[in-house]
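Colleague: Provided below are the primary sequence and the corresponding predicted coordinates.
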Amino acid sequence: GESVGLHLPTLSVQEGDNSIINCAYSNSASDYFIWYKQESGKGPQFIIDIRSNMDKRQGQRVTVLLNKTVKHLSLQIAATQPGDSAVYFCAEGREGGYNKLIFGAGTRLAVHP
Amino acid sequence: DTGVSQDPRHKITKRGQNVTFRCDPISEHNRLYWYRQTLGQGPEFLTYFQNEAQLEKSRLLSDRFSAERPKGSFSTLEIQRTEQGDSAMYLCASSFEGRQYFGPGTRLTVT
């Protein structure tokens, strides 16, 4: 069936270090992937997305890598800051994201000063 | 603020009562989505609209749930005869070019 999963439920890093959050997906028909950040009591906040015709995309301090061969997605956050502390979700979709998104359970990122 | 808005932010109701939530999408976004999120889990898809047409409904959306988007702008989600298992965060998202932007959610507590 369709599923999006995460390898690490909790990730603790020191401020200033780089963070890597991983995600596995199982639906080879998915062509769109997106990362969200969710702080307590708030809705998911868009971070970065990538389509299946790409394997890397960079934003401000964030990079998403897509490996379609092993169905793996990762989010890299450079120079992690305390404000990055949150739960991070990856999600997959089809038809370029116009369709529903399927989310995993999330990874909690804790940044220590 | 031109983001997705939801009302109310919190709702406490007794089992058996009906509740209705409202979502106002980002202006000119033609797609609107409803998701449900329980504690510690990722959002689960419920339904989505393209303009006023409801294109897909999840099996999670039982007969007690109904959603509308009558004029292709704001949307409502109604839950009839609420049950304790309906307690969750109800999230709305909108999109224009695939990228979905979420609102702050409505936290429903059924006592």
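Modeller: Looks like it came in fine.
Colleague: what is the neighbour count of residue A:59?
Modeller: By other Cβ atoms under 10 Å in any protein chain shown, the residues close to residue A:59 number 12. To be clear about C-beta, it is placed using only N, CA and C from the backbone, and glycine gets the same treatment.
Colleague: wait, it touches residue A:50, no?
Modeller: No: the pair residue A:59 / residue A:50 is not scored as a contact, 10.2 Å apart, by Cβ atoms under 8 Å.
Colleague: check contacts around residue A:108.
Modeller: A:9-11, A:86-88 (Cβ atoms under 8 Å, 6 or more residues apart in numbering or on different chains).
Colleague: tell me how many other residues crowd residue A:53.
Modeller: Neighbours of residue A:53 (other Cβ under 10 Å): 8.
Colleague: residue contacts, the residue lying closest to it once chain neighbours are set aside?
Modeller: Among residues not flanking residue A:53 along the chain, residue A:31 sits closest, at 8.0 Å (Cβ to Cβ, 6 or more residues apart in numbering or on different chains). Shown in contact with residue A:31 (Cβ under 8 Å, 6+ apart): A:51-53, A:93-96.
Colleague: how about residue B:72?
Modeller: B:30, B:49, B:51-52.
Colleague: buried residues of the lowest-mean-pLDDT helix or strand in chain B, list them for me.
Modeller: Within chain B, no helix or strand scores below strand B:53-57, which has a mean of 93 by mean pLDDT, DSSP states H and E. Within strand B:53-57, the residues that count as buried by 16 or more other Cβ atoms under 10 Å in any protein chain shown are residue B:54.
Colleague: now do the strands in chain B.
Modeller: In chain B, the segments counted as strands under DSSP state E are B:5-7, B:10-13, B:19-24, B:31-37, B:44-50, B:53-57, B:65-68, B:75-79, B:88-95, B:101-102, B:106-110.
Colleague: quick check: residues of chain A near chain B?
Modeller: Residues of chain A found near chain B (Cβ under 8 Å from any Cβ of the partner chain) are A:4, A:32, A:34, A:36, A:41-46, A:49, A:89, A:91, A:93, A:95-106.
Colleague: try it again at 6 Å.
Modeller: Residues of chain A found near chain B (Cβ under 6 Å from any Cβ of the partner chain) are A:42-44, A:46, A:49, A:89, A:96-98, A:100, A:103-106.
Colleague: touching stretch A:69-87 from outside, list them.
Modeller: By Cβ atoms under 6 Å, 6 or more residues apart in numbering or on different chains, the surrounding residues in contact with stretch A:69-87 are A:13, A:16-25, A:33, A:35, A:37-39, A:61-66, A:90, A:106, A:108-111.
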